[in-house]
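Novice: Got a predicted structure plus its sequence, pasted below:
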Amino acid sequence: MATKTERLDMRLSTEHKELLEQAAAITGQPVTAFAISNLLTRAREIIEQHSRTVLSRADWERFQTILASDDEPSPALMKAAECQAKYGE
């Protein structure tokens, strides 16, 4: 287990704190462990969703057709690729 050296402080409404306490009690966890576990799970989900693109079957087939094509990329596509390389977005 990693050494715990960092803190994350937050303020909650009474209603939110009671909700977390109730959920933690149901799962048999201390509130902090419950909160950390759920925060980390959600953070990983968000990072995974942001890190990959899921295509429909039709889009995947179109993508494969484009990759196999000998056509030159359009100026708009070249500009988009340059922006991606420069800014990472």
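Specialist: Structure received. Numbers count the residues shown, from 1 in each chain.
Novice: May I have the phi/psi pair for Gly28?
Specialist: The phi and psi values for Gly28, taken as degrees, to the nearest 10, are phi 70, psi 30.
Novice: and it, what pLDDT?
Specialist: According to the prediction, Gly28 has pLDDT 98.
Novice: following the helix ranked longest in the chain, which helix or strand comes up?
Specialist: The residue-count maximum for a helix in the chain (DSSP state H) belongs to helix 31-51. Next in sequence after helix 31-51, counting helices and strands by DSSP states H and E, comes helix 57-68.
Novice: how far does that next one sit from the chain's center?
Specialist: 25 Å (CA atoms, centre = their mean, to the nearest Å).
Novice: what packs against it?
Specialist: Contact partners of helix 57-68 among helices and strands, from 3 or more CB pairs under 8 Å, 6 or more residues apart in numbering; DSSP states H and E: none. Yep, even glycine has a C-beta here, placed from its N, CA and C like the rest.
Novice: Not counting its own residues, what contacts that helix?
Specialist: Leu55 (CB atoms under 8 Å, 6 or more residues apart in numbering).
Novice: Which is the succeeding secondary structure element to it?
Specialist: helix 75-87.
Novice: That following helix versus helix 57-68: what angle between them?
Specialist: With axes from the mean of the first three to the mean of the last three CA atoms, to 10 degrees defining the directions, helix 75-87 sits at 90 degrees from helix 57-68.
Novice: what's the average pLDDT for the longest helix of the chain?
Specialist: If you average the pLDDT over helix 31-51, you get 95.
Novice: Contacts only, for the closest residue to Ala33 other than its chain neighbours.
Specialist: Excluding the flanking residues, the one nearest Ala33 by CB to CB, 6 or more residues apart in numbering is Ala24, at 7.5 Å. Ala24 makes contact with 30-31, 33-35, according to CB under 8 Å, 6+ apart.
Novice: got those residues as a markdown table, with distance to Lys86 and neighbour count columns?
Specialist: Below are these laid out as a markdown table (distance: CB to CB, whole Å; neighbours: other CB atoms under 10 Å):
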| residue | distance to Lys86 | neighbour count |
| --- | --- | --- |
| Pro30 | 47 | 12 |
| Val31 | 45 | 14 |
| Ala33 | 43 | 12 |
| Phe34 | 43 | 18 |
| Ala35 | 39 | 17 |
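Novice: Cool, thanks, talk later.
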